[in-house]
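In: What follows is a protein structure lacking sequence information:
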């Protein structure tokens, strides 16, 4: 038996080493149906079809799939598939099925074993967690394929790589991730980046692609291989899901990315570059652009903004602007940005700092109360100027939240929900069908389309939906606890 196992391992290594050679894209066959239909992983001659898979075999499947889905080769193949207009969710599921048979397990039996993990391992906490991690990794691989292709090194670099690049381990250390967020946020709101983005926009370039390339360069500048770094960012909720500060920093970084691109393409909310058109003139000298904003600056900002937001002059100007067809909300935001620079704080940095109060001053109730007062005055000013527009905006927001709630509760495990109860498969077959909302492109391989028909044995779509809902269920339980 030991000799047979050794032979199987050697055969597996040979098969895996030939994997890249057998799946080269770019020789005129990438759009060929034959290329995409051929197996990526060679199956074993004998396949297990019944019984019960042990923990060792399932763990091996999860580990092999993780390495495969997060590999640079998979990212390349999925991007090619996306360009060919193929369903990358189905391609990922096909690879997972092939991996089962590559390990000597029939695909249907493997899918059934994943579905029954909680039944077969009722007291094992690790197995459901491994399944949830697998679902998130599936999601990560598809999200990467959906991102614009912008590898560092394809064009002359803005940030040079370190001499040695790390590419091993699960994810980058927390300290490095925090440094990445800090460096990238400061880079994106710099005058140099704003200028480069505006010039690129005028040339008709894809700004999101350019921004992603800079971020990939920054990963290698910090000493990590870019694909490994991108995977680390996407897996933060999985490995650092309980670290609220890190999750908030990630959210602020994402906002900084969106803001930098938006201001280069449509700078409606930015303070006018022509200082003569500003209501509040900037302070002379250098503006603050980095570091923790002192509490005194926050208090000055709130004081000046609250005076502006509650003044009769502001209401009069905005009502006149509304009659001329202008957006009073945008004008109000411009004034707030002007006030930041009037007290010596660069406007984009100031906006970012407002979102950082809970991180930088978690126990300062005075600042938090001032922030709430400021937000209330912003809303009150717009309500006075445009009551009908405010009412419509609130109704639209309410509908959006209801739709989001319906999406989250309308389908569980690929089976209909009747009065909050998930029906068994046999009952589900006769249950009234609900209309489903079309998913966004970022749906994952682990979250493919729900089955149109319920079958006794779980199909690939059952598996996909089951993994997504299990991940959502685990996250919901964590939040409730």
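Out: Everything's here; your move. Treat the numbers as computed from the prediction; the structure is a model and nothing was measured.
In: residue ranges of the strands in the protein, please?
Out: Taking DSSP state E as the criterion, the chain carries its strands at 411-412, 415-418, 421-422.
In: avg pLDDT for the second one?
Out: Per-residue pLDDT over strand 415-418 has a mean of 40.
In: State the distance from the nearest residue to residue 183 once chain neighbours are set aside to residue 378.
Out: Excluding the flanking residues, the one nearest residue 183 by C-beta to C-beta, 6 or more residues apart in numbering is residue 218, at 5.8 Å. In this view, the C-beta of every residue, glycine as well, is placed from N, C-alpha and C. According to C-beta to C-beta, to the nearest Å, residue 218 and residue 378 sit 34 Å apart.
In: what does residue 349 give?
Out: 19 Å.
In: Would you mind listing where the stretch 1-150 of the chain has pLDDT under the threshold?
Out: 1-32 (pLDDT under 70).
In: can you map out the helices along it?
Out: Listed in chain order, the helices found in the stretch 1-150 of the chain under DSSP state H, counting those that start in this stretch are 2-22, 33-37, 55-69, 72-83, 88-102, 107-115, 117-120, 126-146.
In: Against which helices or strands is the shortest one packed?
Out: Secondary-structure packing of helix 117-120 (3 or more C-beta pairs under 8 Å, 6 or more residues apart in numbering; DSSP states H and E): helix 126-146.
In: The helix it packs on vs helix 55-69, what angle?
Out: 10 degrees (axes from the mean of the first three to the mean of the last three C-alpha atoms, to 10 degrees).
In: buried sites along helix 126-146?
Out: 127, 130-142, 144-145 (16 or more other C-beta atoms under 10 Å).
In: pLDDT at residue 352, what is it?
Out: On the pLDDT scale, residue 352 is placed at 88.
In: wait, it sits on residue 251?
Out: No. Counting by C-beta atoms under 8 Å, residue 352 stays clear of residue 251, with 11.4 Å between them.
In: who's more crowded, the two?
Out: Using other C-beta atoms under 10 Å as the criterion, residue 352 and residue 251 rank with residue 352 on top: 20 against 12.
In: Can you tell me what sits against stretch 294-310?
Out: 280, 288, 314, 332, 335-336, 339-340, 342-345, 350, 353, 357, 361, 364, 367, 370-371, 373-374, 377-378, 380-381 (C-beta atoms under 8 Å, 6 or more residues apart in numbering).
In: again, 6 Å this time
Out: Here stretch 294-310 makes contact (C-beta atoms under 6 Å, 6 or more residues apart in numbering) with 314, 335-336, 339, 343, 345, 367, 370, 374, 377, 381.
In: and which of the residues you listed is nearest residue 245?
Out: residue 367 (17.0 Å; C-beta to C-beta).
In: Can you report how many residues neighbour the closest one?
Out: 18.
In: Identify the spatial nearest neighbour of it, chain neighbours not counted.
Out: That would be residue 361: by C-beta to C-beta, 6+ apart, it lies 5.1 Å from residue 367.
In: For the stretch 301-450 of the chain, give me the ranges with low pLDDT.
Out: In the stretch 301-450 of the chain, residues with pLDDT under 70: 407-450.
In: Please name the residues that touch the residue nearest the centre of the chain.
Out: Closest to where the C-alpha atoms of the chain average out (C-alpha atoms, centre = their mean) is residue 234, at 6.4 Å. Applying C-beta under 6 Å, 6+ apart to residue 234 gives the contacts residue 140.
In: That one and residue 393, how far apart?
Out: From residue 234 to residue 393 the distance is 33 Å (C-beta to C-beta).
In: okay, now residue 224: neighbour count?
Out: For residue 224, the neighbour count with other C-beta under 10 Å is 26.
In: Pretty sure residue 166 is one of the things it touches, is it not?
Out: Yes. Using C-beta atoms under 6 Å, residue 224 is in contact with residue 166, at 5.1 Å.
In: show me the contacts for residue 381.
Out: Contacts of residue 381 by C-beta under 6 Å, 6+ apart are residue 309.
In: let's see 8 Å
Out: 309-310, 314-315, 318, 332.
In: Check residue 109 too.
Out: Counting by C-beta under 8 Å, 6+ apart, the residues that residue 109 touches are 47-50, 53, 100.
In: closest to residue 157 among these?
Out: residue 100 (41.2 Å).
In: For the closest residue to the closest one other than its chain neighbours, grab the count of nearby residues.
Out: Beyond its immediate neighbours in the sequence, the residue positioned closest to residue 100 (C-beta to C-beta, 6+ apart) is residue 110, lying 3.5 Å away. Residue 110 has 25 neighbours, counted by other C-beta under 10 Å.
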